[in-house]
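1. Quick one: sequence and predicted model below, then my questions.
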Amino acid sequence: MKRKLSFNQLSEENTKKLRIDINQLLISFIIDSSFNCLQSLIIEDIQPDKLISFLINLNSLPQLFSLNIRTIHIIDDLNNIYRLIFVLPTLKYNKLYLYENECSISIPIGTEKQFSTIEYLHIAHCYTFDELHALISYTPKLRHLNLSHENQDDSTIEIMLPITLDNLTYISMYTNYINFDEFEIFIKHIYSNLKTLYVTFLYQDIAFLYAHRWEQLILRYLSQLKKFSSKYYEYKYSLCIQIYHLDIQQSISIDKLMQIIHLLPDLITLKINSLTFYRSLINEKFSTTCSIGHAKFLNVECINDHHKDLCLLCIYIFKADDNMIKRLNKMIDNEKLLSNYTIHHELDNIYLQWK
């Protein structure tokens, strides 16, 4: 695109779709009522300070129905961005694509006087579910909702308020942080006439593959659903180097430890300074199973947050034998780690149980 653009050189056909991706271009002219025929606008890599003033000028365009903003620049204030988008009088489609932008959104719930005309909303940046609820409260005419890049460790879904969107018939969600329970809560809180649902999950939750859970969710809350697609990706990691000895000096949770161990098939020795069991894992009795195929040495210096119901540790060690059990028994007694316990092996599984 030319750096300078002359208004008298624009025909009606040329102004129906305008693509802007150079910040200097915005200095050359101001979009105003001269662009009455402008209907679709794509803005790329605009500086945050220029974006605000640019959005203000868009309010004068009587036929602008599509706005697509994509930028790699960090935007610190998404509140004003969305407020200016929601007041555009004829806007039907909006997409905001921010690369690695983790700015929070703190706009209040929309009122009737603040309702937007948007029917197609694509949120392609980090958000929490309470922020999502606030955003879609401004779009009662919403038909299509496309979501991606949900925030990591978002606990707000459990307190997300229900919202009614009678016109909503299409949802597409791409996320790598939400588990099935959280997704189920999200669906329950969106009262709509959903007919199409496309979901892509990268979160390692096997519940996404349970057909009976999908069946119950659809029968109870998505009775009008006609099209459904679910994609679940399980990554297989390949290591370029072989790791034989691992010393973890920081506190680590048991589930993270399991993930690391599964990625290290050639591990021989493992030393853990502090092993923490998440509360969500220890509310009920359970046994923790750890498979380390080639392990010859395991040292756990401290287990934090020890739970009274945790009473069994099973470790798979290739070629476990009676001599290994005797050495472990002697170590536990010498270090006075446990008083009332039993330890034995069944084939290559070593079982340590205490009371």
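-> Okay, I see it.
2. Under a three-state scheme, what state does residue 110 occupy?
-> In terms of secondary structure, residue 110 is coil; the call rests on DSSP: H, G, I helix; E, B strand; the rest coil.
3. Could you check how far it is from residue 166?
-> Distance of residue 110 to residue 166, given as CB to CB, to the nearest Å: 16 Å. Backbone N, C-alpha and C define where each C-beta goes, glycine included.
4. quick one, which of the two is more surrounded?
-> Regarding residue 110 and residue 166, a neighbour count based on other CB atoms under 10 Å identifies residue 110 as having more, with 17 against 11.
5. mind listing what the more buried one touches?
-> Contacts of residue 110 were listed using CB atoms under 8 Å, 6 or more residues apart in numbering, and they are 86, 116, 134, 137, 138, 139.
6. contacting residues for the second one?
-> Meaning residue 116. Each residue near residue 116 by CB under 8 Å, 6+ apart is listed here: 85, 86, 87, 88, 91, 110, 138, 139, 141.
7. among those, which are in helices?
-> 85, 86 (DSSP state H).
8. any idea which of the contacts of residue 116 is the one closest to residue 242?
-> Residue 242 lies nearest to residue 85 out of the contacts of residue 116, by CB to CB, at 51.5 Å.
9. how many other residues sit next to that closest one?
-> Residue 85, neighbours per other CB under 10 Å, totals 20.
10. and what of residue 43?
-> By the other CB under 10 Å criterion, the neighbourhood of residue 43 contains 21 residues.
11. Now it: phi and psi?
-> Per-residue torsions, residue 43: phi -120, psi 130 (degrees, to the nearest 10).
12. Please name the bridge partners of it.
-> Residues found in beta-bridge contact with residue 43 (criterion: DSSP bridges) are residue 20, residue 69.
13. Check residue 227 too.
-> residue 196.
14. so what's it up against?
-> Taking CB under 8 Å, 6+ apart as the contact definition, residue 227 lies against 195, 196, 197, 198.
15. quick one on the thing from earlier: considering the contacts of residue 110, which possesses the most neighbours?
-> Neighbours were tallied for each of those (criterion: other CB under 10 Å), and the maximum of 24 neighbours falls on residue 116.
16. how about the contacts of residue 116 in TSV, adding distance to residue 74?
-> Supplementary listing: these in TSV, determined by distance: CB to CB, whole Å:
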residue	distance to residue 74
85	18
86	22
87	24
88	23
91	24
110	26
138	24
139	25
141	31
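17. hang on, the earlier thing: how about the contacts of residue 110 in JSON lines, adding pLDDT?
-> Putting the contacts of residue 110 into JSON lines (pLDDT from 0 to 100) gives the following:
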{"residue": "86", "pLDDT": "96"}
{"residue": "116", "pLDDT": "96"}
{"residue": "134", "pLDDT": "92"}
{"residue": "137", "pLDDT": "95"}
{"residue": "138", "pLDDT": "96"}
{"residue": "139", "pLDDT": "96"}
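18. Show me the two of the residues you listed that sit farthest apart.
-> 116 and 134 (12.6 Å).
19. those strands in the stretch 1-150 of the chain, which residues are they?
-> Listed in chain order, the strands of the stretch 1-150 of the chain (DSSP state E, counting those that start in this stretch) span 17-20, 40-44, 66-71, 93-98, 120-124, 144-148.
20. weakest of the ones you listed by average pLDDT?
-> Out of those, the stretch the model trusts least by mean pLDDT is strand 17-20, with a mean of 50.
21. any weak-confidence spans in the stretch 1-150 of the chain?
-> Counting by pLDDT under 70, the stretch 1-150 of the chain contains low-confidence ranges at 1-30, 32-33, 100-101, 150.
22. how much space between residue 49 and residue 81?
-> Going from residue 49 to residue 81 by CB to CB gives 12 Å.
23. who has more neighbours, those two?
-> Neighbours per residue (other CB under 10 Å) separate residue 49 from residue 81, with residue 81 holding more: 19 against 10.
24. what secondary structure does residue 350 sit in?
-> strand.
25. partners of it in the sheet?
-> In this structure, residue 350 has the following beta-bridge partners (DSSP bridges): residue 315, residue 345.
26. Distance of it relative to residue 340?
-> 18 Å.
27. For the two, indicate the residue with more neighbours.
-> Each of residue 350 and residue 340 has its neighbours counted (other CB under 10 Å); residue 350 has more, 21 against 7.
28. isn't the more buried one right up against residue 328?
-> Yes - in terms of CB atoms under 8 Å, residue 350 counts as a neighbour of residue 328; the distance is 7.2 Å.
29. got any residues that touch both of these two?
-> Residues touching both residue 350 and residue 328 comprise residue 343, with contact defined as CB under 8 Å, 6+ apart.
30. so residue 98 bridges to which residues?
-> residue 71.
31. Does it touch residue 124 like I think?
-> Yes - contact status for residue 98 versus residue 124: in contact at 7.0 Å, counting by CB under 8 Å.
32. quick one: which of these two has more around it?
-> Set side by side, residue 98 and residue 124 give different neighbour counts by other CB under 10 Å, the larger being at residue 98 (21 against 18).
33. Compute the distance between the more buried one and residue 126, please.
-> 8 Å.
34. Same question for residue 332.
-> Using CB to CB, one gets 47 Å for the distance from residue 332 to residue 126.
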